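1. structure for the following, please:
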Amino acid sequence: MLIKNIVVGPLEVNCFIIVDEETKQAVVIDPGDEPDRILDIIKENNLKVDCIICTHAHFDHVGAVADIKKETGARVAIHRDELEIYQGAKDQAAFWGYELDPLPALPAPDMFVAEGDEIKAGGLSFKVIHTPGHSPGGICLYGERILVTGDTLFAGSVGRTDFYGGDIDELKKSFVRLMSLPPETKVLSGHGPSSTIGREKAENLFSEEA
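-> Numbers count the residues shown, from 1 in each chain. As a prediction, this is how the structure comes out:
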């Protein structure tokens with residue numbers, strides 16, 4: 001397994017490209033901005049991208065979806081509960097006070113993922129965990145000893161809940177679920193450095209609240 005991490009956009013989102021090195025099959029997670037940089041990695045490594053997965057649909061996580069889909073033909077996957085936010089992502093930046101160019105029109109999702117679904121890249125398999133709280137349809141991807149958490153869980157913190165659809169009580173439940181995973185699980189979050197479940201269980205500031 002190969003994991004490429006590209007930090008994109010003014011909000012410094014972690015876009016992950018996860019690759020089965022034998023087959024070159026790949027998934028792109030949270031392509032939030034700078035599609036040319038993401039596509040350069042795809043082309044340089046001769047990757048076959050089957051799926052673009054959005055852990056949630058805030059504008060900083062979906063800004064490059066249209067360009068990546070256009071160039072690769074990959075399917076776009078989100079949770080059904082995130083559809084309203086996805087459809088409104090084009091105008092979110094201005095609404096939230098960010099002076100950014102409007103997003104290109106987003107393609108309609110090709111598939112909705114739900115709790116327990118599997119996302120595959122060649123011989124790699126990742127289970128969908130529905131983790132609402134930061135947003136209604138937020139998801140994490142768990143498998144191959146890693147957990148991609150989007151904005152549900154950060155190193156030392158969690159996602160904010162004051163945006164539309166945020167819910168602190170749901171986030172607490174999601175946090176507790178993630179803390180039940182094996183402690184050695186590597187956490188790859190939507191912003192900031194990586195961590196492990198064991199470290200977050202011991203040190204995350206949210207642990208006492210949850």
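2. list the contacts of Leu141.
-> Leu141 is in contact with 29, 53, 55, 119, 126-129, 147-148, counting by C-beta atoms under 8 Å, 6 or more residues apart in numbering. (Glycine included, C-beta is placed from N, CA and C.)
3. ah, wrong one, I meant Ile18
-> Ile18 makes contact with 1-4, 26-27, 29, 121, 124, 126, 148, according to C-beta under 8 Å, 6+ apart.
4. now swap in Leu83 and tell me
-> By C-beta under 8 Å, 6+ apart, the contact list for Leu83 reads 57, 109, 112, 137.
5. what residue ranges in the protein score low on pLDDT?
-> Low-confidence segments of the chain (pLDDT under 70): 93-102, 210.
6. on that earlier part again, and the contacts of Leu83, which two are furthest apart?
-> Spatial extent of the contacts of Leu83 (C-beta to C-beta) is set by the pair Ala57 and Phe112 at 12.0 Å.
7. and the two? which has more neighbours close in?
-> Shown here are Ala57 and Phe112; by other C-beta atoms under 10 Å, Ala57 has more neighbours (27 against 14).
8. I'd like the contacts of Leu141 as CSV, with distance to Ile168 and secondary structure appended.
-> What follows is those, written out as CSV (distance: C-beta to C-beta, whole Å; DSSP: H, G, I helix; E, B strand; the rest coil):
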residue, distance to Ile168, secondary structure
Ile29, 25, strand
Ile53, 25, strand
Thr55, 19, coil
Ile119, 28, strand
Phe126, 27, strand
Lys127, 25, strand
Val128, 23, strand
Ile129, 19, strand
Leu147, 21, strand
Val148, 22, strand
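9. of these, buried ones?
-> 29, 53, 55, 119, 126, 128-129, 147-148 (16 or more other C-beta atoms under 10 Å).
10. hang on, the earlier thing: okay, and the common contacts of Ala57 and Phe112?
-> What both Ala57 and Phe112 touch, as defined by C-beta under 8 Å, 6+ apart, is the set 78, 83.
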